[in-house]
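Participant: quick one, structure for this:
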Amino acid sequence: MPLSTLRSHDDTWDIRTSVGATAVMVAAARAVETEQPAPLIRDPYAKLLVSNANAGVLWEAMLDEQVVAKMADLDAETAATVQHMRSYQAVRTNFFDNYFADAVAGGIRQVVILASGLDSRAYRLDWPAGTTVYEIDQPQVLAYKAATLSESGASPSAERREVPIDLRQDWPAALRTAGFDPAARTAWLAEGLLMYLPADAQDRLFTHIGELSPVGSRIAVETAGNHAHVRRQEMRERFKKVAETLGLEETVDVQELIYHDPSRANVADWLNEHGWRATAQNAGDEMRRVGRWVDGVPMADDKDAFSEFVTAERL
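Facilitator: As a prediction, this is how the structure comes out:
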């Protein structure tokens, strides 16, 4: 499968290509965490969604501890980076799982997951009766997930409604058509999304969310972080060399999918200035707080190199 690196304003993808393949990477990390002796999160569907995707050897290799051990023999820092990425995804998932638990405990019954990818929260979380979960993503991505889980006998634990549309299109209209009630308090999630949007598209996204959010609505966001960090570029090249040595096919260059935009707004600041009350938690600090920090990872002392987990309530 050829390496896919090009982005355009109207590009599209399925679960094997471009941004879609990154969802397989994230699901692989969740699958690894689920099989740990004391997992931080449990996603019983992640491994199935990865194995059936045929998105490339590299993502499935993340499920194999022997492959990571071979990486360590070749380049200890690269292996630490892979371990960090897997640990980070577990911590991120746990943080936002807890966010949703708090939201529904507060009486919210309408949930929107933006760019939902292979997120299985509609299936694996314990939603209260009357909860509706809207999932927005590319049509082929949603179709793959629904078909794969249905064939396995899985069923959602909430009312799940698909909104098959690109977030660069008129997704608010599509969301309303799917039954979304703009007068109802809503819990929004933008996880693993902002780095794939230009700065102006990020602002438009949050503007639309604000227009659809009555007082008491909530939002949780993973920020883009500093993906242009010079140390990150060095590690990218080292990772490629290790993958080639181990015969692992890299089908998608994630760094080429990301918009490195220095004009991107600080999410917490933007929300605080536009009718929300927001707080931010540095991802590295959260990893340390829950005991999942990985020693030996590059940029450990540079907080700007890590994303933030932002939560906010509509005022």
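
Participant: can you pull out the strands in the protein?
Facilitator: Assigned by DSSP state E, the strands in the chain fall at 110-114, 132-137, 159-164, 186-190, 218-222, 276-282, 308-314.

Participant: which other helices and strands contact the last one?
Facilitator: Put plainly, it is strand 308-314. Under the contact definition 3 or more C-beta pairs under 8 Å, 6 or more residues apart in numbering; DSSP states H and E, strand 308-314 sits against helix 76-105, strand 218-222, helix 267-272, strand 276-282, helix 283-289. The way it works is simple: take the backbone N, C-alpha and C, and place the C-beta from them, glycine included.

Participant: quick one: that strand to helix 76-105, angle?
Facilitator: 10 degrees (axes from the mean of the first three to the mean of the last three C-alpha atoms, to 10 degrees).

Participant: got the contact list for strand 308-314?
Facilitator: Under the contact criterion C-beta atoms under 8 Å, 6 or more residues apart in numbering, strand 308-314 has outside partners 92, 95-96, 99, 210, 213-223, 225, 267-268, 271-272, 275-283, 286.

Participant: how about it: buried residues?
Facilitator: Residues of strand 308-314 classed as buried: 308-314 (neighbour count, 16 or more other C-beta atoms under 10 Å).

Participant: closest one of those residues to Val68?
Facilitator: The shortest approach to Val68 among the buried residues of strand 308-314 belongs to Phe309, at 25.4 Å (C-beta to C-beta).

Participant: C-alpha coordinates for stretch 99-111, PDB please?
Facilitator: The C-alpha trace of stretch 99-111 is given here as PDB (Å, rounded to 0.1, in the frame of the first residue of the first chain):
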ATOM      1  CA  TYR A  99     -15.500  13.500  31.400                       C
ATOM      2  CA  PHE A 100     -18.500  11.700  29.900                       C
ATOM      3  CA  ALA A 101     -19.200  10.000  33.200                       C
ATOM      4  CA  ASP A 102     -19.300  13.400  34.900                       C
ATOM      5  CA  ALA A 103     -21.500  14.800  32.200                       C
ATOM      6  CA  VAL A 104     -24.200  12.200  32.400                       C
ATOM      7  CA  ALA A 105     -24.000  12.300  36.200                       C
ATOM      8  CA  GLY A 106     -24.900  15.900  35.800                       C
ATOM      9  CA  GLY A 107     -28.000  15.000  33.800                       C
ATOM     10  CA  ILE A 108     -26.800  15.500  30.200                       C
ATOM     11  CA  ARG A 109     -28.300  12.900  27.800                       C
ATOM     12  CA  GLN A 110     -27.100  14.300  24.400                       C
ATOM     13  CA  VAL A 111     -23.600  13.500  23.300                       C
END
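
Participant: now distance to Ile108 too, for the buried residues of strand 308-314, in CSV please.
Facilitator: Formatted as CSV, the buried residues of strand 308-314 follow (distance: C-beta to C-beta, whole Å):
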residue, distance to Ile108
Glu308, 22
Phe309, 18
Val310, 17
Thr311, 13
Ala312, 14
Glu313, 10
Arg314, 11
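
Participant: of those residues, the lowest pLDDT goes to which?
Facilitator: Lowest in pLDDT among the buried residues of strand 308-314 is Glu308, which has 93.

Participant: which residues pair with that residue across the strands?
Facilitator: Beta-bridge partners of Glu308, counted by DSSP bridges, are Asn282.

Participant: state the distance from Ala278 to Phe100.
Facilitator: Separation of Ala278 from Phe100 (C-beta to C-beta, to the nearest Å) stands at 17 Å.

Participant: low-confidence regions, the stretch 51-200 of the chain specifically.
Facilitator: Applying pLDDT under 70 to the stretch 51-200 of the chain picks out residues 55-64, 71-76, 78-79.

Participant: now the helices for the chain?
Facilitator: Remark: helices assigned in the chain by DSSP state H are 18-34, 46-51, 57-61, 65-74, 76-105, 121-124, 139-151, 171-177, 199-211, 230-245, 254-257, 267-272, 283-289.

Participant: mean neighbour count and distance to Arg160 for the ones you listed - can I get that in a markdown table?
Facilitator: Converted to a markdown table, those look like this (neighbours: other C-beta atoms under 10 Å; distance: least, C-beta to C-beta, whole Å):
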| stretch | mean neighbour count | distance to Arg160 |
| --- | --- | --- |
| helix 18-34 | 24 | 17 |
| helix 46-51 | 22 | 15 |
| helix 57-61 | 20 | 24 |
| helix 65-74 | 14 | 33 |
| helix 76-105 | 19 | 14 |
| helix 121-124 | 22 | 4 |
| helix 139-151 | 17 | 8 |
| helix 171-177 | 15 | 14 |
| helix 199-211 | 16 | 20 |
| helix 230-245 | 14 | 35 |
| helix 254-257 | 16 | 27 |
| helix 267-272 | 20 | 27 |
| helix 283-289 | 17 | 28 |
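
Participant: could you dump those helices to a markdown table with distance to Ala190?
Facilitator: Listed next are the helices of the chain as a markdown table, based on distance: least, C-beta to C-beta, whole Å:
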| stretch | distance to Ala190 |
| --- | --- |
| helix 18-34 | 14 |
| helix 46-51 | 20 |
| helix 57-61 | 22 |
| helix 65-74 | 30 |
| helix 76-105 | 10 |
| helix 121-124 | 14 |
| helix 139-151 | 16 |
| helix 171-177 | 12 |
| helix 199-211 | 7 |
| helix 230-245 | 22 |
| helix 254-257 | 16 |
| helix 267-272 | 9 |
| helix 283-289 | 15 |
